[in-house]
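Chemist: would you be able to build a 3D model of this:
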Amino acid sequence: MKRVSKTLVTMLPIAFLAGCATNGQKTAKLDADAPPAATVAEKPVPAQAAETPSTPEQAQRETDPLQQSTGPLAKRVIYFNFDKSNIDNDYVRVIEAHAAYLANHPHVHVRLEGYTDERGTREYNMALGERRDDSVLKLLTLQGVAKEQIQTVSYGEEDPAAPGHDESAWHLNRRVKIVYL
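Modeler: Predicted structure coming up:
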């Protein structure tokens, strides 16, 4: 009986180690493509908590590119040089981003609001604001936006963005605003 006990005591650890080595090799082969397991120091974040926004408004901002505060769709003002209605290269990509969004969302509509600075007559400024609207409208439609999605209105020198009678104020007032409806 002692002999059997000694044999069992000796063989049991050897069998245990042999079994562990075999299972480790099989696991390594089976899980070679699996991501590494989390260590004890890592605290797992529940998937629902990590993906669920805290408020419905936050959820909308995260999913709707129009609600995001950064990115090309966050820029909605196109500025112009004095007495000009041509679009500077700096703003072409902004307009192209809005065009891509509108072309992919045909149910969305915008209003282009044209403005000028205070210099010039009221009639001249209304016409210049309209020409600026038309420049943005033309670029949007060339990018695939339906004309039915776009309204235009010229405010001329009315409703200035910046008060003042100097170049820094005038620059901010020479603009087209893209307003999503």
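Chemist: any chance you could map the helices in this protein?
Modeler: Counting by DSSP state H, one finds helices in the chain at the ranges 2-30, 47-51, 56-63, 89-104, 122-142, 167-173.
Chemist: in this protein, where is pLDDT below threshold?
Modeler: Low-confidence segments of the chain (pLDDT under 70): 1-62.
Chemist: switch to 90 and redo it
Modeler: Residue ranges of the chain with pLDDT under 90: 1-72.
Chemist: burial check on residue 107, number of neighbours?
Modeler: 6 (other Cβ atoms under 10 Å). Just so you know, the C-beta spots here come from the backbone N, C-alpha and C atoms, and that holds for glycine as well.
Chemist: check residue 125 too.
Modeler: 23.
Chemist: how close does it sit to residue 116?
Modeler: Distance, residue 125 to residue 116, using Cβ to Cβ, to the nearest Å: 4 Å.
Chemist: can you count the residues close to residue 89?
Modeler: 6.
Chemist: distance of it from residue 177?
Modeler: From residue 89 over to residue 177 the distance is 20 Å, taken as Cβ to Cβ.
Chemist: now do the contacts for the nearest residue to residue 171 once chain neighbours are set aside.
Modeler: The shortest distance from residue 171 to any non-neighbouring residue, by Cβ to Cβ, 6 or more residues apart in numbering, is to residue 79 (6.6 Å). Residue 79 sits next to 88, 91, 171-172, 174-175 when contact means Cβ atoms under 8 Å, 6 or more residues apart in numbering.
Chemist: now residue 95
Modeler: 78, 87, 136, 139-140, 143.
Chemist: residues contacting residue 178?
Modeler: Counting by Cβ under 8 Å, 6+ apart, residue 178 has contacts 76-78, 98, 110, 112, 136.
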